[in-house]
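*Asks:* 3D, please:
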Amino acid sequence: FRPQIKTRVFLSASSTGKRIKSNGGGHLNSAYDAAPDEPPVYEETNFPGEEHRTIRPSVISAFGHDTLDRVPNIDFYRNAGSVSGHRAVRPSLQELHDVFQKVSSCNGAISVPETLEDDGEKSDGTPFDDLESADTSDDKGLVKFGWIRGVLVRCMLNIWGVMLFIRLSWVFGQAGWGLGIVVIALSCVVTTITGLSMSAICTNGVVRGGGAYYLISRSLGPEFGGSIGLIFAFANAVAVAMYVVGFAETVVDLLKEHASLMVDEINDIRIVGCITVVLLLGISVAGMEWEAKAQIVLLVILLVAIVNVFVGTVIPATVDKKSKGFFGYTSTVFQENFTPAFRDGETFFSVFAIFFPAATGILAGANISGDLRDPQAAIPKGTLLAIFITGVTYLAVALCVAATVVRDATGNATDLVIPGVACNNSAVAACELGYNFSSCAVDTCKFGLMNNFQGLVLSSLQGHFQPLSQIPLTSVFPQALCKDNIYKALHFFAKGHGKNNEPIRGYVLTFIISVAFILIGNLNTIAPIISNFFLASYALINFSCFHASYAKSPGWRPAYKYYNMWLSLLGALLCCVVMFVINWWAALLTYGIEILLYIYVTVKKPDVNWGSSTQAVTFVSAVSNALSLAGVEDHVKNFRPQILVLTGSARTRPALLDLAHSFTKNYGLCLTCEVFVGPRSEIYQEMNAGMEKNQQWLNKTKRKAFYAGVACDNFREGTESLLLASGLGRMRPNTLMIGFKNNWRTAGRDAVQSYVGVLHDALDFEYGTVILRINQGLDVSHLVAEEEEMLKAAREQEALDNQMMTNGGKAKGLFRKSRNSSQQMNEKLMEASGQFKKKQPKGTIDVWWLFDDGGLTLLLPYILTTRKKWKDSKLRIFIAGQSHHLKLGPILIGYINWLIFSFSLKNLDDMIKPFCLHEGSKDMIQADVMQKEHPWKITDAELSSFEEKTHLQVRLNELLQENSKSANLIVVSMPIARKESVSDFLYMAWLDILTKNLPPTLLIRGNHKSVLTFYS
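*Replies:* Below is the predicted model of the structure:
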């Protein structure tokens, strides 16, 4: 806007719902609609002489005139089927840029054919069945949570678990409060760094259900996400077993106190655990609403329990409590509990492995980001505050217990200090307080930090309810993973039920896994199993943040700025180190499973594209390597054929593409190029549509090649553009590969001149040149078109048959196979076109290296022999010259006697006769007139001047017929025609007569720069 314009334009819609009307007839811009989520209104119109079509009305612009342009609108950036709003599609560039006709209507508005309808375009590459695109019921009336209830409360409820109440005292008894603080601090460091990384990832875009799987898969891609997602879902299912076993231990201890054991301790834990998990399954099946309503109740119970712990420590100890090791705050007890006292083979890291699951649960808030009012603010704030509060709580409770309870106590009130009786070992503090627990050094005692897991039993009620919130949460992960259909076998569990899409099948799967681990019946055995799984998940979350930051993709724009890529990398390494230190074989097993799953997903190649940082880093690496190559001088030892092959559409000349691909394979550049000839306005749509289609076909058929297309007025200009502009830096083509023009005699003057001109241009630009000739021809475009038509017709017939079957009719096939001469010819053409795709039989590759062109004629067939398909083909090399001058070591040499000359030139004469001027029989004036009228024809003077070279091509063909008729492939040095000396038709006659009636033949001419060397 220029400063002198004083008119102010308001871009927002009126709150009263009034709409600005244009002078042209009151059409509205949907971007200003008071209800922006509503789809735009369409008009159905019939035009005289035209088919019925849908049009879109023009809209009023904020700038005061009718236009099809739209102002920026968030709905243009949604995925197809977005659950958070209707997706709108902006006008296409062609709509705005192309010439279109104004259509007269009742109000004089401008209309264009409708393109706003969603055509399946995926703006971010998500698959159709992605979570963002899932069908949902009407979301009106859903409650959106704030950061406290939605994130803070959920995270605290998941972090505060059975470990706080029935294992924390044991951890500090084993490690002492000195190393115990380190255990808690190390856990908090891991979760804090992971929380920072997770906050960055979550605030980079919308996060749907799926937790760690969703974060990792959308950041690192389906390979990492699919492997870790399955492991993390399994870890959460095992976590259900851990919480249930913790609850069962408490119940069994109560039964034991009242002498009411059913069988024995371990079996009672299994029985109570299985009954509990069945009840929890029933609650989960009833619906997530029950779990949501229980959150606040659980939090109140939990807070009361924690407060009860602190209050209990300041209440004076009774005689019964003292006999069980509780003496209140005492410096001697606190000092004695400082040093570690590991028993029963426990170490610092084994204790850490048992405690670490207590620090998990930091993803609880991120898992429901779709239900948060402001996820970008709520997730970082709620998660990090939850880590801080729970960490301080764990530390405070542990220190209170360490300052008030001794490690061992008998529970016998009569074990008092008796004068003259020794009182030592680990009960020194108790001795000073008047109790003698020395017997615990010999016999196992039931009380104290080391022995009574229920040291905080009065406060352990929350541990009983923990599985209630864990089972529904756990089932979200397999459902999210199954919906993406990465593992086909798991798609069964993707189905949801009810208005909330409850994953009932996922609940049952979680139930089965949980029961299997509940039968172990030992909390200390279960906890280390999930520690490695959780750590592996956290490691990949941290690495995802580092990887996305390192890639510096413009799409990486997290709203949360308080993270550091190197800190995230440190967190990932720390998680990996801790995994091995906790249990090296379990860590190897975890990574082994992850690698196997990664390989499985990589091989299966799921049809998804989530714009992962892996793609971004691949691009950055490619650019970096290309720039590095640009600063390095070419060396003959590193020469590779970089081939620009003129295939047309990637499918139309398969033999040419397959042979070029054999030269480059995974080690060189192969560009399949197509020139669209005609007015640009008519062909650009075809060209644009073919770009992606051809590249996808190359990828699908595993051809390691790139597709490029250009539009020009003639074939030669288009090829010239490709020769000059293709490639990047050192990654530029150095060899042109083209098929022989079999129809040169009937194609017309312009086509022949264009074809030969391309060969001249390639030589001018110092390209190596390769021409492939197969007797049956190379072009199968007509067969491809027929195949597409047949497939289209078959689909229509199938739809018709299905309709008839539905109506009770009998399906009738309309297509019958028939064989005729044309079809037999097509079969021969298809067979010839596919000959380089299959393994070659035993035979030879005959190389007729007639002229030294730098070695390309010898290098290309040698490269073929290194490929698996050509390994049974041996090289035979024919060179002209005196035999005693040839020093090529073991290479087989056939000495050619050029003195034998053939005079059977009738085929050549018949070939060039229609293109000869025959001016020799005319007088000078008539000859000049004929040359001016037909400058492209072959003159008698030209034939006489190049008679020897012409006869040479005839003789070479005879020698090729004699010596190489049975070869798998013939390679011959390509003759060169000097510009403006040899006419185009004479040159084509040379190439034709040289390669006539032979097996597949390659004509090769290097750029006369060495591509071979005998130096090391």
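
*Asks:* now residue 582: how far from residue 154?
*Replies:* Per CB to CB, to the nearest Å, residue 582 is found 27 Å from residue 154. C-beta coordinates here come from the backbone N, C-alpha and C atoms, glycine included.

*Asks:* to clarify, my last question referred to residue 991.
*Replies:* Residue 991 is 76 Å from residue 154, by CB to CB.

*Asks:* who's more crowded, those two?
*Replies:* For residue 991 versus residue 154, neighbours defined as other CB atoms under 10 Å are more numerous around residue 154 (27 against 23).

*Asks:* part of a strand, is that one?
*Replies:* No. Per DSSP: H, G, I helix; E, B strand; the rest coil, residue 154 lies outside any strand segment and is helix.

*Asks:* residue contacts, the nearest residue to it once chain neighbours are set aside?
*Replies:* Closest residue to residue 154 apart from its sequence neighbours, by CB to CB, 6 or more residues apart in numbering: residue 364 at 4.1 Å. Counting by CB atoms under 8 Å, 6 or more residues apart in numbering, residue 364 makes contact with 151, 154, 155, 157, 158, 473.

*Asks:* the third one contacts residue 359, correct?
*Replies:* Spelled out, it's residue 155. No. If you go by CB atoms under 8 Å, residue 155 and residue 359 don't touch, sitting 11.0 Å apart.

*Asks:* shared neighbours of these two, which are they?
*Replies:* Common neighbours of residue 155 and residue 359 (CB under 8 Å, 6+ apart) are residue 390.

*Asks:* tell me which residues in the helix or strand encompassing residue 175 are buried?
*Replies:* Using DSSP states H and E, residue 175 maps to helix 168-202. Buried residues in helix 168-202, counted by 16 or more other CB atoms under 10 Å: 168-177, 179-181, 183-184, 186-202.

*Asks:* give me the phi and psi angles of the residue nearest the centre of the chain.
*Replies:* Of all residues in the chain, the one closest to the mean position by CA atoms, centre = their mean is residue 221, 4.0 Å from it. Torsion angles at residue 221 (phi, psi; degrees, to the nearest 10) stand at phi 110, psi 170.

*Asks:* so how far is residue 666 from it?
*Replies:* 21 Å.

*Asks:* can you check residue 587 too?
*Replies:* Per CB to CB, residue 587 is found 34 Å from residue 666.

*Asks:* between these two, which has more neighbouring residues?
*Replies:* Each of residue 587 and residue 666 has its neighbours counted (other CB under 10 Å); residue 587 has more, 20 against 6.

*Asks:* how close does residue 744 get to residue 872?
*Replies:* From residue 744 to residue 872 the distance is 34 Å (CB to CB).

*Asks:* which of the two has more neighbours?
*Replies:* residue 744 (21 against 14).

*Asks:* could you look up the SS state of that one?
*Replies:* Under three-state DSSP, residue 744 falls in the coil class.

*Asks:* what of residue 581?
*Replies:* Applying three-state DSSP: residue 581 is helix.

*Asks:* can you count the residues close to the nearest residue to it once chain neighbours are set aside?
*Replies:* For residue 581, ignoring the flanking residues on the chain, the nearest one in space by CB to CB, 6+ apart is residue 349 at 4.8 Å. Here the number of neighbours of residue 349 (other CB under 10 Å) works out to 17.

*Asks:* so residue 349 is in which element?
*Replies:* With DSSP H and E as criterion, residue 349 is part of helix 348-355.

*Asks:* tell me the first helix or strand C-terminal of that helix.
*Replies:* In N-to-C order, the element after helix 348-355 by DSSP H and E is helix 375-404.

*Asks:* could you point out which element follows that following helix?
*Replies:* Trace forward from helix 375-404 with DSSP H and E and the next one is helix 428-432.

*Asks:* next one: residue 552 from residue 620, what distance?
*Replies:* With CB to CB as the criterion, residue 552 and residue 620 are 7 Å apart.

*Asks:* which one's more surrounded, those two?
*Replies:* residue 620 (15 against 12).

*Asks:* can you give me the strands for the stretch 851-1000 of the chain?
*Replies:* Ranges of strands in the stretch 851-1000 of the chain, per DSSP state E, counting those that start in this stretch, are 873-879, 893-895, 969-973.

*Asks:* looking at these, which one is packed in the most?
*Replies:* Highest mean neighbour count of these: strand 969-973, a mean of 25 (counted as mean count of other CB atoms under 10 Å).

*Asks:* give me the number of residues near the nearest residue to residue 1012 once chain neighbours are set aside?
*Replies:* Leaving aside its chain neighbours, residue 1012 sits nearest to residue 855 (3.4 Å; criterion: CB to CB, 6+ apart). If you count neighbours by other CB under 10 Å, residue 855 ends up with 19.

*Asks:* just residue 388 next, same as before
*Replies:* If we define neighbours as other CB under 10 Å, then residue 388 has 13 of them.

*Asks:* swap in residue 997?
*Replies:* 11.

*Asks:* measure it to residue 907 for me?
*Replies:* 10 Å.

*Asks:* anything in contact with each of those two?
*Replies:* By CB under 8 Å, 6+ apart, no residue touches both residue 997 and residue 907.

*Asks:* before we move on, back to that, tabulate the contacts of residue 364 (a markdown table), appending pLDDT.
*Replies:* Shown next, in a markdown table, are those (pLDDT from 0 to 100):
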| residue | pLDDT |
| --- | --- |
| 151 | 85 |
| 154 | 82 |
| 155 | 86 |
| 157 | 81 |
| 158 | 79 |
| 473 | 43 |
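
*Asks:* what's the most distant pair in the residues you listed?
*Replies:* Taking CB to CB, the two most distant members of the contacts of residue 364 are 151 and 473; they sit 13.5 Å apart.

*Asks:* for the two, indicate the residue with more neighbours.
*Replies:* Counting neighbours by other CB under 10 Å for residue 151 and for residue 473 shows that residue 151 has the greater number, 30 against 24.
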